[in-house]
Structure formats: C-alpha cells, structure tokens
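Novice: what follows is a predicted structure for the sequence shown.
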Amino acid sequence: MSNALNTDVQILAEQRGRLGLITLNRAQALNALSLEMIRELTRWLRVWEDDDSIDAVLVHGAARAGKAPAFCAGGDIRFFHQAALAGDPKLEDFFTEEYALNHLIHGYPKPYIAWMDGICMGGGMGISQGASHRVVTEHSKLAMPETHIGLFPDVGGGWFLSRCAGRLGEYLALTGHVLKAADAIETGLADIELPSATLPAVIDALAALPWLTMQTIADTLRHHAAAPLATAPIIAQHASIDQHFAGGDFQAIERSLMADSGDWAQATLAALRQQSPLMMAVTLEQIRRARQMSLADDLRMERDLVRHCFHLRPGAASETVEGVRALAIDKDHAPRWNPAQVADVTPAMVAAFFDSPWPAWAHPLAHLR
C-alpha cells in the first residue's frame, strides 16, 4: 500500500509495519496546503481510522535537496489571492474542508505523530496541534503569522493559542512571533525535541514494533530524544507579555507598549504597527472569545471570520487580499491597510466579523461536535 515513489502527487501515503506514514509532498512550495492535499489527508485519515492493521499515523514534510526542511508553511496564499479576485467557489471549499480536517485530527482515535521539522506555520500548525505526539527539531520554526497578511490565526488557532499560559495567546496571535524548539515546548505547543536526522531511525523503530500504543510511541521518541533543552528564551519576556497584552482592547495594548521604553517593547510595537489595525482588533477579540469555547465552536467562529475576511469587503478591498498582494504577489511589503490607524478602528467594524453569515443549522461546519 505505497505510492511513495510517485512524485506527481502532493500527498504520499504508505504503510510501514503498523504505522501509517503520510508525507506532504509539495517541497518546492514548503509543503503549503492545497485543496487537493487537504482532501487527500482527510481521505487517508478516514481510511486508516477503520483499518485494524494501522495502529498510528505519522505525518512529515518532504525534504528539499540541499535546503532547510519544511513541515508545512501554511495554506496556499497565492491560491487565496487568485480565488478571491476571481470569485472562485473553491475558496469556500478550502476553508470548510481544512477546518473539518483540523477537527478530525484533534479527535483522531489513534495516535497521531506530527514531525514538525523546519517551518511549521499557519495551516501546518492546524494539522499538528491536535497530534498526540508533537515533535520539534533543531530546525523547527513554529508560528501563527496570519496577521502579517491581514488574516487572523485560524485552523483552530483561537482554541490552541488561547490555552497558552497567561497572555501568551494574545502575544503569539497578534505578533506572529516565531518559536524555536525550546520555546515551542515551553508554551505547550510541542511535546518533545528530537534531532532532525533521526526521522528515518524513528520510522524504522516504530515500524518494527508489534503494536503501536501511546506508551510505546512515547518510549520510542524518548529513546531518540535530543539532549536536555536550554532555557526557553520566551521565559525572559513572559512577565512583559502578561503585562502589556492584558489590555482591554488593541488600543490599550498599543498604549501599554508605547509607555515602555525597553528594547523588547519598542520592537514589539514596531512589529505590530506593520500589520492591519482592523485585523489586529479582530484577532484579539477572536482569542478572548475562544477561551470560553469548545474546539468545534471555535472552528465555526473562525469559519465565519474567514468568510467575512473575503466578503465583507470583496475582491481587492479585502484586508486579506491586500495583505497577500503585498507579501507574496507584488512583494512590495507595503500593504495599504484600511483603516490605516488603530484609532480609526471602531467596535462596529470588529463586531461585523463575528456575525455569522449562516443560520446555525446551515453552517458549513454544523456537523462538528
């Protein structure tokens, strides 16, 4: 049961012993998720869910020869831009099916190992944060950087970021700060660090086991684990994060950072000022609402939000379309945000994003439980 030699497909799936092995096979695009990949991931997970010969699943990203690894850089933002401008209904399918996949992974009945080697951002976090075993390496770079393109941390980001300690959720959601291995484990977004080069040995060891259980997998990963981690750098900023990102709204967070002359606060303020003031306010509201929500309710909220990101202001008027244009299409890194100033964002602008465009019974994710 292997198509691992087929380089024309974006998802490779094979059985190794009692292990189902999935390879994200779009290396030149940093394994960014396409709609085809989302559908194939969902298909294989559903097949293996009911296959008694498969005890567990491991997901990893195809390597790029001579280049740093990437697990998954997120969703295909060029597709978002093209589809939004063309009115392509596949954009709706993409988010509905991606969020349903995220929910499936969080509730998957068999052990699911996410090998987060290299870049793991956005959609990559969506297919790894629900894993029973979240592995990082010396190359790992984890982030939810959607605010950089006028979006918000979706794929369940509201749910898993809001459950980080203190105000880390607000900080990571608003800034898109990149976490390396030690920080990822400290924040609760990864479980264990292994050397990148051990992946083949880990797969061989798992494939050789007569049964794969949560315990035998954990024991195998620990056997191959890296040396004890150095102190996570984010610990040094935790008190400052809790102080500044506790503000009642985004303007309060901005004022708090402005009042702090320290290098970290000023660098953080400068980073936030590069991003869409409107989507900063929407993101903050998302994280705080999600703290009181189940994963299914959070994903339904995020489906509402992403619909509004492309339809409250259709086409090129969308903050998200403009953000993708500036970052990935024209690459001028000069987005024209509207409004351009934090002070011009009104509560009504933010509230509009949280009005569901569907009655509850017709919601595209109504089936999630």
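Specialist: Noted; the coordinates are in hand. Not measured: the values here are computed from a predicted model.
Novice: got a list of what the residue sitting furthest away from the middle of the chain touches?
Specialist: For the chain, the largest distance from the centre (C-alpha atoms, centre = their mean) belongs to residue 210, which lies 33.2 Å off. By C-beta atoms under 8 Å, 6 or more residues apart in numbering, the contact set of residue 210 is residue 18. All C-beta spots, glycine's among them, are computed from the backbone N, C-alpha and C.
Novice: one more time with 10 Å
Specialist: Taking C-beta atoms under 10 Å, 6 or more residues apart in numbering, we find residue 210 in contact with 17-18, 55, 216.
Novice: over to residue 161?
Specialist: 125, 129, 144, 153, 168-174, 187, 189, 283, 286-287, 290-291.
Novice: what helix or strand is the nearest residue to it once chain neighbours are set aside on?
Specialist: Closest residue in space to residue 161, ignoring its immediate chain neighbours: residue 169 at 4.0 Å, by C-beta to C-beta, 6 or more residues apart in numbering. In this structure, residue 169 sits in helix 168-175 according to DSSP states H and E.
Novice: that helix: what's the following helix or strand?
Specialist: helix 181-186.
Novice: who are the packing partners of that following helix?
Specialist: strand 133-136, strand 141-143, helix 168-175, strand 192-193 (3 or more C-beta pairs under 10 Å, 6 or more residues apart in numbering; DSSP states H and E).
Novice: quick one: closest of those to residue 182.
Specialist: Residue 182 lies closest to strand 192-193 among the helices and strands packed on helix 181-186, at 7.6 Å (C-beta to C-beta).
Novice: against which helices or strands is the closest one packed?
Specialist: Going by 3+ C-beta pairs under 10 Å, 6+ apart, strand 192-193 lies up against strand 133-136, helix 181-186, helix 214-223.
Novice: show me the contacts of residue 210 that map onto helices.
Specialist: Those of these mapping onto helices are residue 216, per DSSP state H.
Novice: need the contacts of residue 210 in TSV with pLDDT and distance to residue 319, can you?
Specialist: As requested, the contacts of residue 210 are exported to TSV (pLDDT from 0 to 100; distance: C-beta to C-beta, whole Å):
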residue	pLDDT	distance to residue 319
17	98	48
18	98	47
55	98	44
216	98	47
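Novice: which pair of the contacts of residue 210 spans the longest distance?
Specialist: Top of the distance list for the contacts of residue 210 (C-beta to C-beta): 17 and 216, 11.7 Å.
Novice: now do the shared contacts for the two.
Specialist: 55-56, 205-206, 209-210.
Novice: quick check: the gap between the residue nearest to residue 161 and residue 189.
Specialist: According to C-beta to C-beta, to the nearest Å, residue 169 and residue 189 sit 10 Å apart.
Novice: please identify every residue contacting each of those two.
Specialist: Taking C-beta under 10 Å, 6+ apart as the criterion, residue 169 and residue 189 both touch 144, 160-161, 163.
Novice: gap between residue 30 and residue 85?
Specialist: Look at residue 30 and residue 85: by C-beta to C-beta, they are 23 Å apart.
Novice: more neighbours, those two?
Specialist: residue 30 (21 against 15; other C-beta atoms under 10 Å).
Novice: ok, now which ones touch the nearest residue to that one once chain neighbours are set aside?
Specialist: Once flanking residues are discounted, residue 30 sits nearest to residue 73: 3.6 Å by C-beta to C-beta, 6+ apart. Residues in contact with residue 73 (C-beta under 10 Å, 6+ apart) are 24, 26, 29-33, 61, 118-124, 141, 145.
Novice: can we see that at 6 Å?
Specialist: Contact analysis of residue 73 by C-beta atoms under 6 Å, 6 or more residues apart in numbering lists 30, 32, 119, 121.
Novice: contacting residues for the second one?
Specialist: By C-beta under 6 Å, 6+ apart, the contact list for residue 32 reads 73-74, 76.
Novice: same check, this time on the last one
Specialist: Going by C-beta under 6 Å, 6+ apart, residue 121 touches 73-74, 143, 145.
Novice: so can I have TSV of those residues showing secondary structure and pLDDT?
Specialist: Converted to TSV, the contacts of residue 121 look like this (DSSP: H, G, I helix; E, B strand; the rest coil; pLDDT from 0 to 100):
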residue	secondary structure	pLDDT
73	coil	97
74	coil	96
143	strand	98
145	coil	96
